[in-house]
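# I would like the atomic coordinates for the input below:
(2 chains, ligands or ions: 2)
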Amino acid sequence: MRAPLPTPSQPSPPVVDIQPPLRYKRYAGWILLILIIVMCSIQTKVTPYQLITGLPQMGQLLKEMFPPDWSYIPTIWAPMMETVQIAILGTTIGGIIAVPVALLCSYNIMPNRFIALPVRMILNLVRTIPDLLFAAIFVAVFGIGPFAGMLALVFFSFGIIAKLTFEAIEAIDPGPLEAMTAVGASRLQVIRFGVLPQALPYFMSYLLYTFEVNVRAASVLGLVGAGGIGLLLDRSLGLFRYDRACVIILLTLVIVLIIDYSSTWIRRKLL
Amino acid sequence: MIEFDNVSKIYPNGSIGLRNINLTIQKGELVVIVGLSGAGKSTLLRSINRMNDITSGDIRINGNSVTQASGSELRLIRRDIGMIFQSFNLIKRATVIQNVLSGRVGYHSTLRTMLGWFPKEDIDLSLTALQRVNIREKAYTRADQLSGGQQQRVSIARALAQEAQVILADEPVASLDPLTTRQVMEDLKRINRELNITTVINLHFIDLAREYATRIIGLRAGEVVFDGTPEEATDEAFAEIYGRAVKHDELLGVL
Ligand SMILES: Nc1ncnc2c1ncn2[C@@H]1O[C@H](COP(=O)(O)OP(=O)(O)OP(=O)(O)O)[C@@H](O)[C@H]1O
Ligand SMILES: [Mg+2]
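Ligands and ions are numbered 1, 2, ... in the order given. Below you'll find the model as predicted:
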């Protein structure tokens, strides 16, 4: 359903003769994989047995979900919109901050590695922190509410967009940069007329992609008190109002699908 | 007037680009530089607008040292020098006129150009430049929809929009077929004559050099080994520049 992320074309790797791997190596790989799975299952006590015993309860849950409590829609409409708005704000602000940072860590724009390398390290650090952890931290700092959620998404989007964009910038055609330097352009003008036209379509595409991801992320931010629809979902589940939870899930599904489809469509047009 | 004063260039890896070059190129000349691959043609050309730094010596344009110019001085010097590349170096996704207009950025403050708006005079100038290379009707086409020859003419128009006093062209026709090669060379020659723009072109076709140049400079291993008129550049002279007889594939052939 999701269109693959576009990446700037890279030279194809040299063709090498591929030897069929030795058979015992293949078996060894499979055995190792099975061993790891079994070990993990024993250690965490996650077993297929639980799936079987849990199934009847699953059926029970589904039965209680239907019919959904449609009268709940007016109540959840505002938080649902808040969820989308959190995602829009978080993505946009994160994307704007990502632009200068992406430029700073592209070696072809910033030949000075003393700047590029530390910036890359910070960027990698930001990217290791999951969105919900960000949200939990900001709820602790700024209190419960959508602001914390928005801020979490700013950091989260910033990490994704900056990383993807700097990779796109490093893959652009250096020719126009050379031409702009030769006409007497300043550094910023070289970026504006040499880099921007080449990198903008990629950036927009990454921005939309991140927005898709963020709408989904924003709908669970409420679980840690960071605003959006997640709070109501948590409450409905806590009160065993599965018919209401069902409406929330269905509405979220519809909104996410609409956004995914339109964003995929726009991204296809862009490139 | 472009002056080379004892110019040498040694690349960081030790290979020699230029060796003790002394040259004076007068306003309005159409100089073609010839020489084997690796002789230093690109190095010479690119040192004129300091796309390459030189190791020693001095290069002056109308008396102003390129070698000593500070950042903003260098940008002003470059603004008056159009550069044409073998691979055109256009923004492929942008329209033709946007590409030509980008030659004007040196005339405006960085802040003003950030939005990408150019004054009406610049647009008129760019359209006139496109007219001069006979592709005005392509002004609002995307650059990547043009043929190679047309793209090269866009880059010539960009140099014209710069109101350049000097045009440097590094193998401008190396990726074009023989017919378009002649059209592009005709354009360069016509502009050189009509606007009296000093033009320096690197070429590897001997017959093209003889046909279009007012002066031919031969390089070998970073040194000037020939400097004369096309009439003086006989087959024997070329054999001297190349250190061997002229080969068939060094001639474009008569059309
Ligand atoms: N960036 C560089 N680093 C190191 N050596 C270089 C570099 N560029 C050129 N050289 C060397 O300098 C010498 C002159 O190169 P240059 O590119 O000026 O030759 P050219 O006459 O333009 O050749 P061609 O016809 O192949 O374009 C060659 O020996 C080349 O190997
Ligand atoms: Mg060369």
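
# what's around residue 149, how many residues?
Using chain A here. Summarising burial for A:Gly149: neighbours were counted as other Cβ atoms under 10 Å in any protein chain shown, giving 34. The way it works is simple: take the backbone N, C-alpha and C, and place the C-beta from them, glycine included.

# meant chain B, my bad for not saying
B:Gly149, neighbours per other Cβ under 10 Å, totals 19.

# need the residues of chain B near ligand 1, please.
Within chain B, the positions lying close to ligand 1 (Cβ under 6 Å from any ligand atom) are B:Tyr11, B:Asn13, B:Ser15, B:Gly17, B:Gly35, B:Ser37, B:Gly38, B:Ala39, B:Gly40, B:Lys41, B:Ser42, B:Thr43.

# what do you get if the cut-off is 8 Å, keeping everything else the same?
Taking Cβ under 8 Å from any ligand atom as the measure of proximity, chain B contacts ligand 1 at B:9, B:11-13, B:15-18, B:35-46, B:52, B:170-171, B:202, B:204, B:219, B:222.

# quick one: the helices in the stretch 101-250 of chain B?
In the stretch 101-250 of chain B, the segments counted as helices under DSSP state H, counting those that start in this stretch are B:110-113, B:120-132, B:148-161, B:178-195, B:206-212, B:235-242.

# One more: chain A?
Here chain A has its helices, by DSSP state H, at A:23-44, A:48-65, A:73-104, A:113-128, A:131-142, A:146-170, A:175-182, A:187-190, A:196-221, A:230-238, A:242-270.

# Averaged pLDDT, the first one. What do you get?
Confidence over helix A:23-44 (mean pLDDT, whole number) is 86.

# which residues are contacting it?
Here helix A:23-44 makes contact (Cβ atoms under 8 Å, 6 or more residues apart in numbering or on different chains) with A:Val46, A:Thr47.

# Next, the angle from it to helix A:48-65.
Relative orientation of helix A:23-44 versus helix A:48-65 (axes from the mean of the first three to the mean of the last three Cα atoms, to 10 degrees): 60 degrees.

# Quick one: distance of helix A:23-44 to the chain centre.
Distance of helix A:23-44 from the chain centroid (Cα atoms, centre = their mean, to the nearest Å) equals 30 Å.

# nearest to B:Gln98, of the helices of chain A?
helix A:196-221 (7.9 Å; Cβ to Cβ).

# name the helices or strands packed onto the closest one?
helix A:73-104, helix A:131-142, helix A:146-170, helix A:230-238, helix A:242-270 (3 or more Cβ pairs under 8 Å, 6 or more residues apart in numbering or on different chains; DSSP states H and E).

# what does the stretch 1-150 of chain B put close to chain A?
B:49, B:51, B:74-83, B:85, B:87-94, B:98, B:102-103, B:105-106, B:110, B:113-114, B:116 (Cβ under 8 Å from any Cβ of the partner chain).

# How about the contacts made by B:Leu203?
B:Val32, B:Ile33, B:Val34, B:Glu171, B:Val173, B:Ala209.

# In a helix, the first one, correct?
This points to B:Val32. No. Counting by DSSP: H, G, I helix; E, B strand; the rest coil, B:Val32 is not found in a helix; it is strand.

# Could you report the separation of B:His248 from B:Tyr212?
Taken as Cβ to Cβ, to the nearest Å, the spacing of B:His248 relative to B:Tyr212 amounts to 20 Å.

# More neighbours: which of those two?
Neighbour tally, B:His248 and B:Tyr212, criterion other Cβ under 10 Å: the higher count belongs to B:Tyr212, 21 against 6.

# so the more buried one makes contact with B:Leu30?
Yes. Using Cβ atoms under 8 Å, B:Tyr212 is in contact with B:Leu30, at 6.5 Å.

# okay, and the common contacts of those two?
B:Leu188, B:Lys189, B:Ile201.

# nearest to chain A, of those?
Of all the shared contacts of B:Tyr212 and B:Leu30, chain A sits closest to B:Ile201, with 15.3 Å by Cβ to the nearest Cβ.

# quick one: the closest residue to the closest one other than its chain neighbours and chain A, what's the gap?
Nearest non-adjacent residue to B:Ile201, counting by Cβ to Cβ, 6 or more residues apart in numbering or on different chains: B:Ala169, 4.4 Å away. As judged by Cβ to the nearest Cβ, to the nearest Å, B:Ala169 and chain A stand 12 Å apart.

# So what sits opposite B:Ala169 in the bridge?
Counting by DSSP bridges, B:Ala169 is bridged to B:Ile84, B:Ile201.

# Which pLDDT value belongs to it?
Reported pLDDT at B:Ala169 in the predicted model: 96.

# do you know how far it is from B:Asp187?
11 Å.

# Which of those two has more residues huddled nearby?
Neighbour totals were compared for B:Ala169 and B:Asp187, and B:Ala169 leads with 26 against 21 (other Cβ under 10 Å).

# which residues touch the more buried one?
B:Leu45, B:Met83, B:Ile84, B:Leu188, B:Thr199, B:Val200, B:Ile201, B:Asn202.

# In the chain, where is pLDDT below threshold?
Looking at chain A here, since you left the chain open. For chain A, the stretches flagged by pLDDT under 70 are A:1-22.

# not quite, I wanted chain B
The model of chain B has pLDDT under 70 over residues B:253-255.

# Tell me how it divides into domains.
Listed domain ranges for chain B are B:2-80+B:165-252, B:91-162 (source: automatic domain parsing).

# Dump those to CSV, plus distance to A:Tyr107.
Shown next, in CSV, are those (distance: least, Cβ to Cβ, whole Å):
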stretch, distance to A:Tyr107
domain B:2-80+B:165-252, 18
domain B:91-162, 21
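
# Can you tell me which of those is most buried?
Highest mean neighbour count among the domains of chain B (mean count of other Cβ atoms under 10 Å in any protein chain shown): domain B:91-162, with a mean of 19.

# so how many other residues sit close to A:Ala78?
11.

# try A:Thr53
Neighbour tally, A:Thr53, other Cβ under 10 Å: 9.

# Now do the same contact list for it.
Residues counted as contacts of A:Thr53 (Cβ under 8 Å, 6+ apart): none.

# Roughly how far does it sit from A:Thr47?
A:Thr53 is 10 Å from A:Thr47, by Cβ to Cβ.

# And for B:Ala245?
Separation of B:Ala245 from A:Thr47 (Cβ to Cβ) stands at 84 Å.

# try B:Asn134
77 Å.

# Same question for A:Ala162.
Look at A:Ala162 and A:Thr47: by Cβ to Cβ, they are 41 Å apart.

# Compare those two (neighbour count), which wins?
Between A:Ala162 and A:Thr47, counted using other Cβ under 10 Å, A:Ala162 has the larger neighbour count: 28 against 11.
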